[in-house]
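# sequence and computational prediction follow.
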Amino acid sequence: MKQLVVLWILMAFAHRLTAQSIIYTRQINNNDDLVIMDAEGNSKVIANHLRKDSSPMISPDGETLVFTSERVGWWKIWTMNLATNEFKQLTHKSSADYSPTWSPNGSRIVFTSSRDGNQEIYSMNKNGDDKINITKSPSADLMPFWAHDGYIYYSTSIDGIYQIARIKPDGSKKEILTGSQDNKLMPQLSTDGSRILYYGDRDGNMEIYILALKSNEVLRLTNHPLMDIRPRWSPDNTEIVFERGNKGNNHHIYLMDAAGNNVKQLTNKYYNYSPSFLSSK
């Protein structure tokens, strides 16, 4: 009955969803659910479980969500078919698996796991088969993003500082792209291949930045006493959705343009985090 109710909500809500719609995680009383918000600010819970669901990302064809969940214990990777409301568990190891994202063609999922002893970047088929350790490094590697240029971008710890790195899906051609003494987290290449969006502590507080690859110049997009973290590009790279808050009683989803202007608060109650756009095209 619960699945039918959620499916009805999705069908009734579908006409409101556009490329500017977002999906994020809402925490109420320590329970984390997946929520869709349309461009007018209307929101609906689409995955409401007794255990935590988090970090949803839409597939390139718009049909499937991948997310991480504590439904069967510690964090595991799951998918949800938006048309049928069917859920599938993809990872089963005792270690935590998290930060899932899709390959550009939607055939594989890349994620972070400590299943081999430390945090590494892995990929698997969208059905959970053929899991591959891509980075195979003694360093901590996390927050992957599979870009259209054929590389997976991620953060890697070097001498205690997270730098931006990229690697081919088969583990070849690893490159460290930055070297400054500030943490750079969750790097994401723009669709034209010219800029990397990330967040870090270059100026002391966690803020959002863009790295221009050709000039190596860094543009600071946010400047706020609260933390600005986990940004995501819009499909056309003109907007960025992100979190701003204290990871407590004041933590919300915001939207801004790609220059850091026209900042708009999208949520105003509960603890909200891990936003992304509902369309990846």
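Now that the structure is in, tell me what you want to look at.

# looking at it, Glu243 is touching Leu226, isn't it?
No: contact criterion CB atoms under 8 Å: Glu243 and Leu226 do not qualify, at 9.3 Å. For every residue, glycine as well, the C-beta is placed using N, CA and C.

# those two: which has the busier surroundings?
Neighbour count, other CB atoms under 10 Å: between Glu243 and Leu226, Glu243 has more, with 27 against 16.

# can you classify that one by secondary structure?
Of the three states, Glu243 takes strand under DSSP: H, G, I helix; E, B strand; the rest coil.

# separation between Ala39 and Arg202?
As defined by CB to CB, to the nearest Å, Ala39 lies at a distance of 32 Å from Arg202.

# my bad, should have said Val72
Val72 sits 39 Å away from Arg202, going by CB to CB.

# more crowded one of these two?
More neighbours surround Arg202 than the other of Val72 and Arg202, with 17 against 11 (other CB under 10 Å).

# so what's that one up against?
Contacts for Arg202 (CB atoms under 8 Å, 6 or more residues apart in numbering) come out as Ser180, Asp182, Lys184, Tyr209, Val218, Arg220.

# if you set the cut-off to 7 Å instead, what comes out?
Contact partners of Arg202, counting by CB atoms under 7 Å, 6 or more residues apart in numbering, are Asp182, Tyr209, Val218.

# quick check: the gap between the second one and Leu219.
If I follow you right, that is Tyr209. Distance of Tyr209 to Leu219, given as CB to CB: 6 Å.

# which one of these two is surrounded by more residues?
Neighbour count, other CB under 10 Å: between Tyr209 and Leu219, Tyr209 has more, with 22 against 13.

# now that one: which helix or strand?
strand 205-212 (DSSP states H and E).

# so what's the spatially closest residue to Trp78 that is not a sequence neighbour up against?
In space, and not counting its chain neighbours, Trp78 is closest to Ser69: 4.9 Å by CB to CB, 6 or more residues apart in numbering. By CB under 7 Å, 6+ apart, the contact set of Ser69 is Arg51, Lys52, Asp53, Ser54, Trp75, Lys76, Trp78.

# which pLDDT value goes with the fifth one?
The predicted local distance difference test score for Trp75 is 94.

# check the third one too.
For Asp53, the pLDDT comes out at 93.

# residues near Ala165, how many?
25.

# same check on Asn81?
Asn81 has 13 nearby residues by other CB under 10 Å.

# cool, thanks, signing off.
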